[in-house]
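Peer 1: Predicted model and sequence follow; I will ask about them next.
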Amino acid sequence: GAVVSQHPSWVICKSGTSVKIECRSLDFQATTMFWYRQFPKQSLMLMATSNEGSKATYEQGVEKDKFLINHASLTLSTLTVTSAHPEDSSFYICSAWGLAVETQYFGPGTRLLVL
Amino acid sequence: SQKIEQNSEALNIQEGKTATLTCNYTNYSPAYLQWYRQDPGRGPVFLLLIRENEKEKRKERLKVTFDTTLKQSLFHITASQPADSATYLCALGDTDKLIFGTGTRLQVFP
């Protein structure tokens, strides 16, 4: 199957700092990338959808100024959590969709802990 | 709003038996339905996709059915193995966007 990588796999930061997470599709072109957040024992909650070269579409209740998304190329999207606070601690997962694969392939996730 | 329900309780079965997981949905007519496997601390792994005009799909020991009248999908793992223990997520899709269920945790014991 298609491969999606995510970096870093885990990060610990102090409250007030910004954290950038990278998502890459390694063997296909991703016209659309998705960012999800998952709290323990809960389902994946879609945060935003990004298309290459255009602004991300955020789900209701997700602050676009706090979660900055950039989809600069067909293989790379980044999520920046700005001024992170302890309540932002969660498991962040990206996925990529492309015409060649016709489904979403997920990255391994990034565990964020804000102290 | 759309609602997706999966077996809320964990499913425990003995090795070699068939595991059957259920996914029910309301207020939605998806173009397709997918099943993913998720291990603790990892991202979901795609298993199977079934479209609205398909009744059943198989892949090795996996079988998925899709009943758009009942608004239900069943996911079967035959000859289950301890390595099949994981959380299985049902996801409904239209174009490229997915809505996920809460998942069912499957435990296969020897």
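Peer 2: It's in.

Peer 1: how about the residue sitting nearest the centre point of chain A, what does it touch?
Peer 2: The residue lying closest to the centre of chain A (C-alpha atoms, centre = their mean) is A:Trp35, at 3.6 Å. By C-beta atoms under 8 Å, 6 or more residues apart in numbering or on different chains, the contact list for A:Trp35 reads A:23, A:46-48, A:50, A:67, A:69, A:77, A:79, A:92-94. Bear in mind the C-beta positions are built from the backbone N, C-alpha and C, glycine included.

Peer 1: pLDDT wise, what is it at?
Peer 2: Model confidence at A:Trp35, expressed as pLDDT, equals 97.

Peer 1: Once you drop chain neighbours, what's closest to it?
Peer 2: Distances taken as C-beta to C-beta, 6 or more residues apart in numbering or on different chains place A:Met47 nearest to A:Trp35, at 4.6 Å, with adjacent residues excluded.

Peer 1: List of residues touching the stretch of helix or strand the one you found belongs to?
Peer 2: For A:Met47, the element it lies in under DSSP states H and E is strand A:45-51. When contacts are defined by C-beta under 8 Å, 6+ apart, strand A:45-51 is touched by residues A:31-39, A:56-59, A:62, A:64, A:67, A:69-71, A:77, A:79, B:97-99.

Peer 1: On the C-terminal side of that strand, identify the next helix or strand.
Peer 2: For strand A:45-51, the following helix or strand on the C-terminal side (DSSP H and E) is strand A:57-58.

Peer 1: Parallel or antiparallel, list what pairs with that following strand.
Peer 2: Each strand paired with strand A:57-58, and its direction, by DSSP bridges: strand A:45-51 (antiparallel).

Peer 1: Which residues of chain A lie near chain B?
Peer 2: A:1, A:4, A:6, A:32, A:34, A:42-44, A:46, A:49, A:91, A:93, A:95, A:97, A:102-109, A:111 (C-beta under 8 Å from any C-beta of the partner chain).

Peer 1: Mark which of these are buried, thanks.
Peer 2: For the residues of chain A next to chain B, a burial check counting by 16 or more other C-beta atoms under 10 Å in any protein chain shown picks out A:4, A:6, A:32, A:34, A:43-44, A:46, A:49, A:91, A:93, A:95, A:97, A:103-107, A:109.

Peer 1: I'd like to know which of the residues you listed are part of strands.
Peer 2: Those of these mapping onto strands are A:4, A:6, A:32, A:34, A:46, A:49, A:91, A:93, A:95, A:97, A:104-106, per DSSP state E.

Peer 1: Of all pairs in those residues, which one is the farthest apart?
Peer 2: Spanning the widest gap among those are A:Thr32 and A:Phe91, at 21.0 Å by C-beta to C-beta.

Peer 1: Leaving out sequence neighbours, find the closest residue to the residue of chain B found nearest chain A.
Peer 2: Residue nearest to chain A within chain B: B:Gly43 (3.8 Å; C-beta to the nearest C-beta). Leaving aside its sequence neighbours, B:Gly43 sits nearest to A:Phe106 (C-beta to C-beta, 6+ apart; 3.8 Å).

Peer 1: separation between that neighbour and B:Gln34?
Peer 2: 11 Å (C-beta to C-beta, to the nearest Å).
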